[in-house]
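Q: just coords:
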């Protein structure tokens, strides 16, 4: 599916409903975690296993092999079959800047960024069940998560290590305290937004492929 540029605000409106964009800006963005079930199914259809496989095959793809909070020092998979073999070993991948390699993902990324008045990029994660990619960490940017397959649990907690950060900050992903965590489960087509600067972690509840 192609996400036309004129549909930018409509896409975001689908995700935010029943709240309006103005209400989201006033009460949620940068202030609180937010989740909606089933609102991102149209967006999720752009991120298929076939799309991931096509990107993995590209020499220019920026792919990390990740498992349980660590980046593995090995060659990234270059096909879906290699990804499936990797997942059977308990590891997954993070494809950074995926929008550079797929026109549908590019338009989706650009449409949400335009609606929010900023720039954006997309990361694709594929992780096996009962595992996770990155461990507790925080971001200094708005992160919209669209669950495209399987079920994943997301956990958030207030960041008291470095609540105010700049874009030039060198993040210490291992630096966090034991604040009380919030949690939300997400299935296909659900979307989640951690609150800005929150400590953030995930775990997959079920196998998503293979």
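A: Received it, and whenever you're ready, just let me know what you need. Computed from a prediction, not measured in an experiment: that's the story for all the values here. Numbering: from 1, shown residues only.

Q: List the buried residues of stretch 65-76.
A: Of the residues in stretch 65-76, 65-67, 72, 76 count as buried by neighbour count, 16 or more other CB atoms under 10 Å. C-betas here are computed from N, CA, C, even on glycine.

Q: which of those lies closest to residue 118?
A: Taking CB to CB as the measure, residue 118 lies nearest residue 66 of the buried residues of stretch 65-76, at 26.2 Å.

Q: who does the residue nearest in space to the middle of the chain bridge with?
A: What sits nearest the mean C-alpha location of the chain, by CA atoms, centre = their mean, is residue 145, with 4.1 Å. For residue 145, the beta-bridge partners are residue 192 (DSSP bridges).

Q: picking that back up, let's have the buried residues of stretch 65-76 in TSV, adding secondary structure.
A: Shown next, in TSV, are the buried residues of stretch 65-76 (DSSP: H, G, I helix; E, B strand; the rest coil):
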residue	secondary structure
65	strand
66	strand
67	strand
72	coil
76	coil
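
Q: Which one of those residues is nearest to residue 25?
A: Closest approach to residue 25 among the buried residues of stretch 65-76 (CB to CB): residue 66, at 32.6 Å.

Q: That closest one and residue 132, how far apart?
A: Separation of residue 66 from residue 132 (CB to CB, to the nearest Å): 9 Å.

Q: What are the boundaries of the helices in the chain?
A: Ranges of helices within the chain are 8-16, 21-27, 41-44, 49-56, 80-88, 103-116, based on DSSP state H.

Q: what about the closest residue to residue 14 other than its chain neighbours, distance to residue 22?
A: Spatial nearest neighbour of residue 14, excluding adjacent residues (CB to CB, 6 or more residues apart in numbering): residue 39 at 5.5 Å. According to CB to CB, residue 39 and residue 22 sit 18 Å apart.
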